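Student: output the structure for:
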Amino acid sequence: MKQLLAMDFGGTFVKHSIIDQDGNIAEKSEIPAPLDSIEAFVNVIQDLYEKNKGEIDGIALSMPGIIDSDTGLLYTAGAYTPILGGKNIFELLEKYKVRISVENDGKAAILAEAWKGSLRGINNAAAIIIGSALGGGIIIDGKLCKGAHFSAAEFSCLPTEIGNYDSSSSLSYKAGTSALLRSVAYAKGMNFAQFEIAGIMSRDEADPNLPIYSGRDVFRWIEEGDSVVCEVYKKWLAALVHVIYSLKLILDPEKIVIGGGISRDPRLLNDIKIEYAKTEKMTTAFALLKLELDVCQYTADANMIGAVYNWILHYMPSLT
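Tutor: Sure thing, here's the model as predicted:
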């Protein structure tokens, strides 16, 4: 039974665990993201490798950015782009005597769902991962769709206004978790820095005498019937369904799943279905078949599990 060191490099933390070839997760932990330098990035991997090298058969990485998972080239790397953009991660880690894999985090998430989760046995599907912005992945004919330039499923960049190609028109500005919390903050006259998603750069602007709010607080306000928050939420849902409906028309998938931490809220899926039902008049007019909507089975662990499956696809394809 192969054991792999799985690592998910986020903008704030690096999640890591030992996961076997069947997707079973051992004790997991997280450490601060090494954003300062290449040396800091490599040292994080080296420290975990040295700690576990007697137990592991490979290293499976999930990272943000546009990534060629076959060659290891990081065209971009999200928050790590200043130190890793244009670098080849296999070359950076070539001194380790184990096989290493890397994949974009959104693509890793849908791989996890296709392997062990809500998309198991589904040949044509998409996953929308609601993080600070929108990530995700696409499965066509049972295989991960990467695109000619490895940037398939970069949903955040889709414009929402015809003719407006400024970032303010992008879906990341309208449909991510950050967008929801930012809009709630502004609508309620609150400081966005007081919200959990605001990030490191704005955290020093937060008032230490006030609480830090999160998505859980926003959904509590919705449950309580806060009219201002409910109106923001309604517009946010419409932007999210814009993505879902667009994917339905372009891909004609069997199923679309919603992931990310916010997907754990029990009301979200039903609210999405209610908003999506408004498209029925158009889908009926064009004789389009209905779409199955669901949430991802995996949330916090999806990227690590998908990274392991990506490793298996590259080095143990007989298991797939």
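Student: any low-confidence regions in the chain?
Tutor: Applying pLDDT under 70 to the chain picks out residues 197-204, 285-288, 320.
Student: what segments of it are helices?
Tutor: Taking DSSP state H as the criterion, the chain carries its helices at 38-52, 81-84, 89-92, 105-116, 172-175, 177-187, 200-203, 215-223, 227-251, 268-276, 280-285, 302-315.
Student: out of those, which is closest to residue 131?
Tutor: Closest approach to residue 131 among the helices of the chain (CB to CB): helix 177-187, 6.3 Å. C-beta here means a position set from N, CA and C on the backbone, and glycine is covered the same way.
Student: just to revisit the earlier point, would you turn the helices of the chain into a markdown table with distance to residue 155?
Tutor: A markdown table is the format used below for the helices of the chain (distance: least, CB to CB, whole Å):
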| stretch | distance to residue 155 |
| --- | --- |
| helix 38-52 | 26 |
| helix 81-84 | 19 |
| helix 89-92 | 24 |
| helix 105-116 | 8 |
| helix 172-175 | 8 |
| helix 177-187 | 12 |
| helix 200-203 | 23 |
| helix 215-223 | 19 |
| helix 227-251 | 6 |
| helix 268-276 | 15 |
| helix 280-285 | 20 |
| helix 302-315 | 16 |
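Student: could you export the ones you listed as JSON lines, including distance to residue 19 and mean neighbour count?
Tutor: Shown next, in JSON lines, are these (distance: least, CB to CB, whole Å; neighbours: other CB atoms under 10 Å):
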{"stretch": "helix 38-52", "distance to residue 19": "11", "mean neighbour count": "15"}
{"stretch": "helix 81-84", "distance to residue 19": "23", "mean neighbour count": "16"}
{"stretch": "helix 89-92", "distance to residue 19": "19", "mean neighbour count": "16"}
{"stretch": "helix 105-116", "distance to residue 19": "11", "mean neighbour count": "28"}
{"stretch": "helix 172-175", "distance to residue 19": "30", "mean neighbour count": "22"}
{"stretch": "helix 177-187", "distance to residue 19": "26", "mean neighbour count": "21"}
{"stretch": "helix 200-203", "distance to residue 19": "28", "mean neighbour count": "11"}
{"stretch": "helix 215-223", "distance to residue 19": "27", "mean neighbour count": "17"}
{"stretch": "helix 227-251", "distance to residue 19": "29", "mean neighbour count": "17"}
{"stretch": "helix 268-276", "distance to residue 19": "27", "mean neighbour count": "16"}
{"stretch": "helix 280-285", "distance to residue 19": "40", "mean neighbour count": "11"}
{"stretch": "helix 302-315", "distance to residue 19": "5", "mean neighbour count": "26"}
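Student: list the contacts of the nearest residue to residue 147 once chain neighbours are set aside.
Tutor: Closest residue to residue 147 apart from its sequence neighbours, by CB to CB, 6 or more residues apart in numbering: residue 153 at 7.9 Å. The contact partners of residue 153, by CB atoms under 8 Å, 6 or more residues apart in numbering, come to 106-107, 110, 126, 135-138, 145, 147.
Student: mind checking how far residue 153 is from residue 159?
Tutor: Distance check for residue 153 against residue 159: by CB to CB, to the nearest Å, it reads 16 Å.
Student: do the same with residue 141
Tutor: 28 Å.
Student: more crowded one of those two?
Tutor: Neighbour count, other CB atoms under 10 Å: between residue 141 and residue 159, residue 159 has more, with 16 against 7.
Student: how near is the closest residue to that one other than its chain neighbours to residue 242?
Tutor: Once flanking residues are discounted, residue 159 sits nearest to residue 169: 4.7 Å by CB to CB, 6+ apart. Distance of residue 169 to residue 242, computed by CB to CB: 12 Å.
Student: in JSON lines, list the contacts of residue 153 along with distance to residue 194.
Tutor: Below are the contacts of residue 153 laid out as JSON lines (distance: CB to CB, whole Å):
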{"residue": "106", "distance to residue 194": "28"}
{"residue": "107", "distance to residue 194": "33"}
{"residue": "110", "distance to residue 194": "33"}
{"residue": "126", "distance to residue 194": "34"}
{"residue": "135", "distance to residue 194": "25"}
{"residue": "136", "distance to residue 194": "29"}
{"residue": "137", "distance to residue 194": "33"}
{"residue": "138", "distance to residue 194": "36"}
{"residue": "145", "distance to residue 194": "39"}
{"residue": "147", "distance to residue 194": "38"}
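Student: and which of those is nearest to residue 6?
Tutor: residue 107 (14.8 Å).
Student: quick check: that closest one touching residue 143?
Tutor: No: judged on CB atoms under 8 Å, residue 107 makes no contact with residue 143 at a distance of 11.4 Å.
Student: show me the chain divided up by domain.
Tutor: 3-112+300-319, 121-295 (automatic domain parsing).
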